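What shape does this take:
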Amino acid sequence: MKNIITFSAPAKVILSGEHSVVYGHPALVASINKRLYFSLSEKDFFNKKKEEKSKKIVKLIEKTVVSYLEKNKIAYHQKKYFFKIESEIPVGCGLGSSAAFSVAATACFLKFLTGKDFPKEEINKIAYQIETYFHQNPSGVDNTASCFGGLIYYRKEFEFLKNISFLNFKIPKNFSLYLIDSGRPKEKTKEMVKKVFEKYKKNPSFFANVFFDIEKTTKKMVLAIKEENKALFQEAILDNEIFLEIIGVVSLKTKKLLQKLSSFGVGKITGAGGKSRGSGFILFFAQKEKELISFLKKEKINFFKFAFDDKGVYEKS
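Model (predicted):
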């Protein structure tokens, strides 16, 4: 076995279906070309101080993987390890950094402990378990996108029934998409999910209707991508943002930014959102690309071009 084993997993963008996916509705999600790299070695090639704060969660991932191996009677060799995490994914901004970490670390521990490669389906099951430590009641869409890559139509009916459809088409290259940072949310994903749930409990019929409207928007977006229909795609983005504002997951700061950006195209938040400060990254369809870039640079707003990733998790050679 190699001295160092490294696995890489991508970030994700929820194109449509945030929050409603937790209630059994579909989400459309795409993996993007921002990656997290997780490495394991029996020898200390890494900077231990730098990784000190991650020790507890890495130990938890190791235990989860070992539990899976023992339950399935798969032979493994327990040994001392050192680890390293490198990431291009902004943390806590709705791009699935924890899911990429869960997926890459799971795949790495499986290989490190057994010397074998495992199917993505198995990696994904374990990574979902780990995601529950981060988010309590995750939909499973983040880890699925990070594990498999590509464009995915995802629906969780029950814990034991998750429908994952891998769409055999990509985001059209002539869709000028950007990810624009509205600011890191003060709230964590699980807090935002809880906030929506508290509102849902008070007015279930209203929220059920909104979630069904989001589902229609998600389906509209799938068709827009398949048919390469720019107008329909932009309509879906606008509708989606309206519904996310209705359920209360978009901050005033982010709404003001979206108003300023409306001169250059249309946008929506992606991910769980945030109310107190920023709401994470905005998925933005640019109608005036040069003007948008000029504005963002002038205002010193962090952004990057949307770049599709269809590889999912893999071992770095």
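
tell me, what residue is most central in the chain?
Taking CA atoms, centre = their mean as the criterion, Gly96 is the residue nearest the geometric centre of the chain, at 2.9 Å.

Do I have it right that that one meets Ala11?
Yes. Between Gly96 and Ala11 there is a contact under CB atoms under 8 Å: 5.3 Å. Quick note: C-beta positions are derived from backbone N, CA and C, even for glycine.

list residues touching both of these two?
Taking CB atoms under 8 Å, 6 or more residues apart in numbering as the criterion, Gly96 and Ala11 both touch Ile89, Ser146.

Just the helices from the stretch 151-300 of the chain, written as ranges.
Secondary structure of the stretch 151-300 of the chain (DSSP state H, counting those that start in this stretch): helices at 189-202, 204-226, 230-246, 252-261, 289-298.

Nearest to Lys170, out of those helices?
helix 204-226 (8.0 Å; CB to CB).

can you tell me how far Pro138 sits from Ser97?
To Ser97, Pro138 is 13 Å away according to CB to CB, to the nearest Å.

One more: Val222?
Val222 is 26 Å from Ser97, by CB to CB.

longest strand in the chain, by residue count?
In the chain, taking DSSP state E as the definition, the longest strand is strand 27-41.

and that one, what does it pack onto?
Counting contacts by 3 or more CB pairs under 8 Å, 6 or more residues apart in numbering; DSSP states H and E, strand 27-41 packs against strand 4-16, strand 82-87, helix 97-114, helix 141-148, strand 151-158, helix 204-226.

in the second one, what counts as buried?
Translated: strand 82-87. Judged by neighbour count using 16 or more other CB atoms under 10 Å, the buried positions of strand 82-87 are Phe82, Phe83, Lys84, Ile85, Ser87.

Correct me if wrong: the third one contacts Phe38.
Pointing back at Lys84 there. Yes. Between Lys84 and Phe38 there is a contact at 7.5 Å, judged by CB under 8 Å.

Quick check: neighbours shared by these two?
Counting by CB under 8 Å, 6+ apart, nothing touches both Lys84 and Phe38.

and this structure, what are its domains?
Taking automatic domain parsing as the domain assignment, the ranges for the chain are 4-169, 177-305.

So which of these is nearest Ser317?
domain 4-169 (8.8 Å).

Span of the closest one from start to end?
Distance between the two ends of domain 4-169: 35 Å, counting by CA to CA, to the nearest Å.

can you start the count at 26 instead of 1 from here on
Let's use 26 as the start, then, which means that last one is domain 29-194.

what mean pLDDT does it have?
For domain 29-194, the mean per-residue pLDDT is 91.

now stretch 278-287
98.

tell me which residues in stretch 220-233 are buried?
Buried, per 16+ other CB under 10 Å, within stretch 220-233: Lys220, Val221, Tyr225, Phe232.
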